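A.B. asks: Could you look at this predicted model? Sequence included:
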Amino acid sequence: MEKSLTVNYQEKPCYDIIFDQSFDGLKEALINLGFENRKIAIVTDSNVDKLYSQEITDLVSGISSKVIKCVIPAGESNKNLSEIEKIYEELIINHFDRHDLIIALGGGVVGDMAGFTASTFLRGIAFIQVPTTLLAQTDSSIGGKTGVDFKGYKNMIGAFYMPKLVYMNLSTLKSLDDRQYISGFAEVMKHGLIKDSDFYMWLIDNLYEICERDIDVLIEMVQKSCDIKRRVVEKDPKEKGDRALLNFGHTLGHAIEKYKNFELMHGECVALGCVAAAFISWKKDMLSMEEYYEIRDMFVPFGLPISVEDIDVDEVIKLTKSDKKADSDKIRFILLKKVGKAVIDTSVTDDEMREALNEILYVENND
Ligand code: GLY
C-alpha cells in the first residue's frame, strides 16, 4: 500500500504526503526528488533514535554521499535555540551545503526543530518530514510551521518553511505508548470539530477500532485528517485567516501546558482547551447546552481528559496573554458554532475564560 496527497503552496503543487506501512519507499522517494549523492542529516530525538535511526540510515546510505545523525534529548524542554546551535555545528563540521538535506525523524518537537534548522541554515536547505507520532502525522508535519520555544514562550521563534516531502510509515503508530497515542488523537478530534462533522461522526463510529489501533482504520483516519489539514493550509498558508481555526483548544490548552510545566502532554492540554472553548461557545449562545455536553463527553471514551487538577485559574489566564495567538492586545480565540464549524472570536473576556477554567475544574471535583 502506498498512497499520497499533494499539498499546494501559493496555488502550485509543493510537496507530497506519502502514506505507507513501512519505510521501504523512502529511498525511491528521495531519488525521485533528486537527492542522490547529497549529504543527509537525520535529526531525531533520544527516544526515536533507538527505534528507527538505524533503519533510516541503512535505507538512505546507498544513495547519499554521507549520512550524519543529530540526536536531540527527548522532550519539549529541549525545544530551544541552544539545541538548534548544536545541529548547526554538526552541519558546519560536516560541510553541509545548500544542496544537502535534513530528515526530521520523530514527533512534533523534532519536526519543528529540524524544519527551523533547515529554514535558517545557509538561509535555507531542503528538509523532509518523517513523522512517527500521531500528532506529527496528522498535524505538525503538514503546513510548514517550524520553530522553537523561547524563554518559556511556546513556538515563539520560528518560520513558515515547507518540507520537500512528508513520508509517513503508519506502522510506527503501533510503537507509541498509550498516552502518547491518545494525546495525538486530540488533534484528530479537533480537525473534525472545526471543519468536518462527517469526519467527527466517523471517528465516533470507529471508536473501538481507533482505540485498538486497527491499522486499516488508522490509515483511513490519518488520511482523512491530513486531507482536512491540507485544505486549511492550502487556503491560508501563513495564518492570516482560517488557518487560525486549527488553534481551537490551543489558547487555554497552551496556557495549561505551560502552567503545568509541560508535565501534561500537548494533546491532553488541547483536549482540555477544546472543552473550555466549547463551554465558552455555549455561554455565548453559539452552541446549545446539549451540544456542549456531547462535545465534552466524547473525549472521555477516547481516553482524553476533560478536567484538570491543581491549576491557579488566574495564573493560567495570565499565561494566555503571552501566547503568540494574541493579535495586538486581543486574543484570537477559536469558538464553535456547531460541530464542523469553527469561528475566530476576539471578544472573549477574562471572566469568560475564568468561568470556563472553573468548569473544567468543577467536573473533576464533582465526578
Ligand atoms: N498546528 C496548527 C497549524 O499548523 O497551524
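C.D. replies: On my side now, so go ahead. Numbering: from 1, shown residues only.
A.B. asks: make it CA atoms for all contacts and neighbour counts henceforth
C.D. replies: Fine.
A.B. asks: show me what contacts the most centrally placed residue in the chain?
C.D. replies: With distances taken as C-alpha atoms, centre = their mean, the residue of the chain nearest its centroid is S140 (3.1 Å). S140 makes contact with G108, G111, D112 under the criterion C-alpha atoms under 8 Å, 6 or more residues apart in numbering.
A.B. asks: same thing with V110?
C.D. replies: The contact partners of V110, taken as C-alpha under 8 Å, 6+ apart, are V43, T44, D45, I72, A104.
A.B. asks: where's it, which helix or strand?
C.D. replies: Taking DSSP states H and E as the criterion, V110 maps to helix 108-120.
A.B. asks: now check that helix, is it near the ligand?
C.D. replies: No: remark: helix 108-120 sits outside contact range of the ligand, by C-alpha under 6 Å from any ligand atom, the gap being at least 9.5 Å.
A.B. asks: Could you do stretch 185-198 as well?
C.D. replies: No: counting by C-alpha under 6 Å from any ligand atom, no contacts exist between stretch 185-198 and the ligand, the nearest distance being 8.4 Å.
A.B. asks: did I read that right, T172 in a helix?
C.D. replies: Yes: assessed by DSSP: H, G, I helix; E, B strand; the rest coil, T172 belongs to a helix.
A.B. asks: Next, count neighbours for it.
C.D. replies: Around T172 there are 18 other residues, counting by other C-alpha atoms under 10 Å.
A.B. asks: Run through the residues that contact it.
C.D. replies: T132, T133.
A.B. asks: cool, and G184?
C.D. replies: T133, L134, L135, A136, G267.
A.B. asks: how would you label K337: helix, strand or coil?
C.D. replies: strand.
A.B. asks: That one reaches S288, doesn't it?
C.D. replies: No: applying C-alpha atoms under 8 Å, one finds K337 not in contact with S288, separated by 9.3 Å.
A.B. asks: These two: who's more crowded?
C.D. replies: K337 (20 against 17).
A.B. asks: Give me the neighbour count for the nearest residue to that one once chain neighbours are set aside.
C.D. replies: Excluding its sequence neighbours, the residue lying closest to K337 (C-alpha to C-alpha, 6 or more residues apart in numbering) is M286, at 4.9 Å. Residues within reach of M286, counting by other C-alpha under 10 Å, total 17.
A.B. asks: same deal with F333?
C.D. replies: 24.
A.B. asks: Could you do K12 as well?
C.D. replies: Count around K12 with other C-alpha under 10 Å applied: 10.
A.B. asks: try E294
C.D. replies: Other residues within reach of E294, judged by other C-alpha under 10 Å, total 11.
A.B. asks: Could you list the buried residues of the helix or strand containing it?
C.D. replies: Using DSSP H and E, E294 falls within helix 289-297. For helix 289-297, a neighbour-count test (16 or more other C-alpha atoms under 10 Å) marks E291, Y292, I295, R296 as buried.
A.B. asks: go on, stretch 175-190?
C.D. replies: Q180, Y181, I182, S183, G184, F185, A186, E187, V188, M189, K190.
A.B. asks: That stretch - what's its average pLDDT?
C.D. replies: Confidence over stretch 175-190, taken as the mean pLDDT, stands at 95.
A.B. asks: Send over that stretch as PDB, restricted to the C-alpha atoms.
C.D. replies: What follows is stretch 175-190, C-alpha atoms only, in PDB (Å, rounded to 0.1, in the frame of the first residue of the first chain):
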ATOM      1  CA  SER A 175       5.100   1.600  18.800                       C
ATOM      2  CA  LEU A 176       3.700   4.600  20.700                       C
ATOM      3  CA  ASP A 177       2.700   4.200  24.300                       C
ATOM      4  CA  ASP A 178      -1.000   4.600  25.000                       C
ATOM      5  CA  ARG A 179      -0.700   8.100  26.500                       C
ATOM      6  CA  GLN A 180       1.300   9.400  23.500                       C
ATOM      7  CA  TYR A 181      -1.000   7.800  21.000                       C
ATOM      8  CA  ILE A 182      -4.200   9.100  22.700                       C
ATOM      9  CA  SER A 183      -2.700  12.600  23.100                       C
ATOM     10  CA  GLY A 184      -2.100  12.800  19.300                       C
ATOM     11  CA  PHE A 185      -5.700  11.800  18.800                       C
ATOM     12  CA  ALA A 186      -6.900  15.100  20.400                       C
ATOM     13  CA  GLU A 187      -5.700  16.900  17.200                       C
ATOM     14  CA  VAL A 188      -7.600  14.500  15.100                       C
ATOM     15  CA  MET A 189     -10.800  15.200  17.100                       C
ATOM     16  CA  LYS A 190     -10.100  18.900  16.700                       C
END
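A.B. asks: heads up, I number from 34, so please use that
C.D. replies: Okay, residue one is now 34; in that scheme the one you just asked about reads as stretch 208-223.
A.B. asks: thinking again about what came up before, in JSON lines, list the buried residues of helix 322-330 along with distance to the ligand.
C.D. replies: Converted to JSON lines, those look like this (distance: C-alpha to the nearest ligand atom, whole Å):
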{"residue": "E324", "distance to the ligand": "24"}
{"residue": "Y325", "distance to the ligand": "23"}
{"residue": "I328", "distance to the ligand": "20"}
{"residue": "R329", "distance to the ligand": "21"}
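A.B. asks: Would you mind putting these into CSV with pLDDT and distance to D343 alongside?
C.D. replies: Output for these, formatted as CSV (pLDDT from 0 to 100; distance: C-alpha to C-alpha, whole Å):
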residue, pLDDT, distance to D343
E324, 97, 27
Y325, 98, 24
I328, 97, 23
R329, 97, 20
